[in-house]
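Engineer: Okay, sequence plus prediction incoming.
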Amino acid sequence: MRGEHRSGCNLRKAVMMLGLPVVVLVLAPGGPRAQWKTAWSYEGSKGPEHWGDLDPAYAACKDGKEQSPIDIRDTQKAALPALRFEYESGPLQYLINNGKTVRVNYHHAPGKGNFLIVGEQRYQLTQFHFHRPSEESIHGKPYEMVAHLMHQADDRKIAGLVVLLKAGKANTTVQQIWEHMPMREGKEEEIPGVQVNPAGLLPGDFAYYRYRGSLTAPPCTEGVTWFVLKTPAEISTEQINSFAALYPRDVRPPPAAQWPHRRGKSVTARNHALAVAGEGKTSVTQAKPIYRLSPETGRSRTKTINPTGCEP
């Protein structure tokens, strides 16, 4: 999925977490002000199959044992905790075209902003970005696009939420971003008067696959927990084409597709470690009001209550 500084994506922190040399990066595509120490690409002589040879700091891209993305095939059902989202609408302050993708960054202080809650663990949203087509596949089938919402816990553990995107109805949140999408690589931009709620990217059902993997761009740092929502969200063909005009293919193939000689080794082992959450109740919560999405219908019901009183 990329790259991720306060994002489990702004690599400086992700790298410090693992005790590696500081390389400015981000989960899928580069950080807010980040530049990679060594240039890389999604194709050609600096493409994914060469990342591990471009810089010693990128060695995990070639030698890692839990590399992402993956083709989800072999799974095990498990009693996993429901996902809860404390997402709220806020100003579109840090929109960036970083030369790899279009992304929205968040620079909230610890304990502020938007959160993914899994059991007792709270992960702060640090950024979200897009790929075309999806980096993840389900039984060999990629989707038209994917959104990666990157989070980081207080202990600096990184969690990535994967929202697969299929052609269908236009997505209002995506449209808000696309209308102000920087057409050239540059710095973060503040868009006055525009409020964006990341909950608008989510589908109506939060059943998910979970696995341990890596950032999907150099330095391919491992130890990332990925939550792949089973139900895709919709995005219009026009919105897909608008992104494709900038980035027709910004994806890292699953490692097995890059290195056929590894097929059946690390990739298979990793796939067997996949766990699947059931259809249990989940919720999207916001300060006021709270939007609780029904897994059965995807419809929302609104109640003004204390977020801490929500059921998982």
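Structural biologist: That came through, no problem.

Engineer: use CA for all of it now, contacts and neighbours both
Structural biologist: OK.

Engineer: hey, where'd the helices end up in the stretch 1-150 of the chain?
Structural biologist: Along the stretch 1-150 of the chain, the segments classed as helices by DSSP state H, counting those that start in this stretch run 11-18, 51-54, 60-63.

Engineer: Lowest average pLDDT across those helices?
Structural biologist: Mean pLDDT values for the helices of the stretch 1-150 of the chain show the minimum at helix 11-18, a mean of 34.

Engineer: buried residues in stretch 149-161?
Structural biologist: 149-153, 156-161 (16 or more other Cα atoms under 10 Å).

Engineer: correction: stretch 133-145
Structural biologist: If you call a residue buried by 16+ other Cα under 10 Å, then stretch 133-145 has these buried ones: 133-137, 142-145.

Engineer: Can you point out the buried residues in whichever strand or helix holds residue 239?
Structural biologist: Secondary structure assignment for residue 239, by DSSP states H and E: helix 237-246. Within helix 237-246, the residues scored as buried using 16+ other Cα under 10 Å are 239-240, 243-244, 246.

Engineer: packing partners for it?
Structural biologist: Judged by 3 or more Cα pairs under 8 Å, 6 or more residues apart in numbering; DSSP states H and E, helix 237-246 is in contact with helix 172-178.

Engineer: CA-only coordinates of the helix it packs on in CSV, if you can.
Structural biologist: Coordinates of each C-alpha in helix 172-178 appear next as CSV, following Å, rounded to 0.1, in the frame of the first residue of the first chain:
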residue,chain,number,x,y,z
THR,A,172,-18.7,12.5,-2.4
THR,A,173,-15.5,12.6,-0.3
VAL,A,174,-13.4,11.6,-3.3
GLN,A,175,-15.0,14.3,-5.3
GLN,A,176,-14.2,16.9,-2.7
ILE,A,177,-10.5,15.9,-3.0
TRP,A,178,-10.5,15.5,-6.8
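
Engineer: What is that helix packed up against?
Structural biologist: Under the contact criterion of 3+ Cα pairs under 8 Å, 6+ apart, helix 172-178 touches helix 237-246.

Engineer: Strands of the stretch 101-250 of the chain, residue ranges please.
Structural biologist: When secondary structure is read from DSSP state E, counting those that start in this stretch, the stretch 101-250 of the chain shows strands at 102-105, 115-118, 121-131, 137-138, 141-142, 145-152, 158-167, 195-196, 208-214, 222-229, 233-235.

Engineer: chain center to the fifth one: distance?
Structural biologist: By that I understand strand 141-142. For strand 141-142, the separation from the chain centroid amounts to 17 Å (computed by Cα atoms, centre = their mean, to the nearest Å).

Engineer: what do you get for the fourth one?
Structural biologist: The chain centre lies 15 Å from the centre of strand 137-138; the measure is Cα atoms, centre = their mean.

Engineer: Show me the shaky parts of this protein.
Structural biologist: Per-residue confidence of the chain (counting by pLDDT under 70) places the weak regions at 1-35, 256-275, 277-312.

Engineer: can you rerun that using 80?
Structural biologist: The model of the chain has pLDDT under 80 over residues 1-35, 255-312.

Engineer: Spatially central residue in it, please.
Structural biologist: Residue closest to the mean C-alpha point of the chain, counted by Cα atoms, centre = their mean, is residue 148 at 1.9 Å.

Engineer: does that residue really touch residue 161, like I thought?
Structural biologist: Yes. Counting by Cα atoms under 8 Å, residue 148 sits close enough to residue 161 to count as a contact (5.7 Å).

Engineer: re earlier: out of the strands of the stretch 101-250 of the chain, which comes closest to residue 71?
Structural biologist: In terms of Cα to Cα, the element of these nearest to residue 71 is strand 137-138, at 4.5 Å.

Engineer: partners of the closest one in the sheet?
Structural biologist: Sheet pairing for strand 137-138, assigned by DSSP bridges, gives strand 71-72 (parallel), strand 141-142 (antiparallel).

Engineer: can you redo those strands as CSV with distance to residue 63?
Structural biologist: Supplementary listing: the strands paired with strand 137-138 in CSV, determined by distance: least, Cα to Cα, whole Å:
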stretch, distance to residue 63
strand 71-72, 19
strand 141-142, 25
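
Engineer: Figure out which of those strands is closest to residue 217.
Structural biologist: For those, distance to residue 217 was read as Cα to Cα. The smallest value, 16.5 Å, belongs to strand 71-72.

Engineer: Report the distance from the closest one to the chain centre.
Structural biologist: On the basis of Cα atoms, centre = their mean, strand 71-72 is displaced by 16 Å from the centre of the chain it belongs to.

Engineer: list the contacts for residue 146?
Structural biologist: Contact partners of residue 146, counting by Cα atoms under 8 Å, 6 or more residues apart in numbering, are 130-135, 162-165.
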